[in-house]
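> Sequence plus predicted model, see below.
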Amino acid sequence: MKHGIALGVLVALVTTASGQSSTGSVAYPAKAGPGKGKHIVLLSGDEEYRGEEGLPMLAKILSQRHGFETTVLFSLDPDGTINPKNVASLSDPAALDSADAIIMLLRFRHWSDEDMARFEKRVNAGIPIIALRTSTHAFNGFEKGSRWDSWNYNNQGGFGKRVLGETWLTHWGRHKVEATRGALEESQRKHPVLRGVADLFGDTDVYEAYPPADARILVRGQVLKGMKPNDPIALTLAVVTMLTAAILAGYFPARKAAHIDPMIALRHD
């Protein structure tokens, strides 16, 4: 969705308050806090989850309450209007050069060679990256055989699989019908990331994932039978899905090996 007057006014107000309006980014100077001296760059660019609205809020919290300098970058039209559908745009990419950490909410971007090279340099520097939701499939549309072809989500998992540990595979739960409860791993409840966390809920469905062996899983997603935090778990969906997977896992190998439909063979027996 193209954000015209409403978001244009929002960005104008925020950037005027922070003194950063000429580059198309939003910057928040740091107050006192443990993040003093560190710069976090937040990358917005998705058409589904309104990262251009949520990430500035997060950036302000990190700057005002935790002492980080923060900068939020956007996808912009030539006239400066925020437009998440402009997948080739990244405002103020030079901000990446000083990033001590990156928080990203991206989907199917294909930036210029220069912007990709800047991002790649920070990735290769080993700085912390927090990748939200659709960032598993952050990049797509790079020409086959090009320098960035391997970053496409559908090229053996691309950036998502290689850097984050997984690409987009499929959804569990019906989109906008069944929500998600976060189930904390009992063995990880004392992990620093989960400090102060008791209940997790999101009104989205769950991504399927197969993390690498060395990944530390802190939370698992439970599909709910509804859109409220206290709705019951959608057990029917889970059972049907597992049964279907089990049947298909046996059906296709048997058919290939016997060169006959196993269901037909069983009827004759």
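Nice, thanks for sending it over.
> how long is stretch 37-48 from one end to the other?
Length of stretch 37-48, first residue to last, CA to CA, to the nearest Å: 33 Å.
> Report the buried residues of that stretch.
38-46 (16 or more other CB atoms under 10 Å). For the C-beta atoms, the positions are set from N, CA and C on the backbone; glycine is no exception.
> And for stretch 195-202?
Neighbour counts over stretch 195-202 (16+ other CB under 10 Å) mark residue 201 as buried.
> Ends of it, what's the gap?
Criterion CA to CA; first-to-last residue distance in stretch 195-202 is 19 Å.
> Centre of the chain to that stretch, how far?
Centroid separation for stretch 195-202 versus its chain: 18 Å, with CA atoms, centre = their mean, to the nearest Å.
> What of stretch 153-167?
In this view, stretch 153-167 has its centroid 12 Å away from the chain centroid, taken as CA atoms, centre = their mean.
> Kindly format the C-alpha coordinates of that stretch as PDB.
This file holds the C-alpha atoms of stretch 153-167, laid out as PDB (Å, rounded to 0.1, in the frame of the first residue of the first chain):
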ATOM      1  CA  TYR A 153      15.200 -16.500  -1.500                       C
ATOM      2  CA  ASN A 154      14.400 -19.100  -4.100                       C
ATOM      3  CA  ASN A 155      18.000 -19.900  -4.900                       C
ATOM      4  CA  GLN A 156      18.700 -22.700  -2.400                       C
ATOM      5  CA  GLY A 157      17.200 -20.500   0.300                       C
ATOM      6  CA  GLY A 158      19.300 -17.400  -0.500                       C
ATOM      7  CA  PHE A 159      20.200 -14.900   2.200                       C
ATOM      8  CA  GLY A 160      17.600 -16.300   4.600                       C
ATOM      9  CA  LYS A 161      19.000 -19.900   4.600                       C
ATOM     10  CA  ARG A 162      22.600 -18.900   4.400                       C
ATOM     11  CA  VAL A 163      22.700 -16.100   7.000                       C
ATOM     12  CA  LEU A 164      19.600 -16.400   9.200                       C
ATOM     13  CA  GLY A 165      19.300 -20.200   9.100                       C
ATOM     14  CA  GLU A 166      16.000 -20.500   7.100                       C
ATOM     15  CA  THR A 167      14.200 -19.100   4.100                       C
END
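> Where does pLDDT dip in this protein?
Per-residue confidence for the chain (pLDDT under 70) gives these ranges: 1-21, 235-269.
> Which parts of it are helices?
Secondary structure of the chain, counting by DSSP state H: helices at 5-18, 51-66, 113-124, 158-159, 235-258, 262-268.
> Nice, that's everything, thank you.
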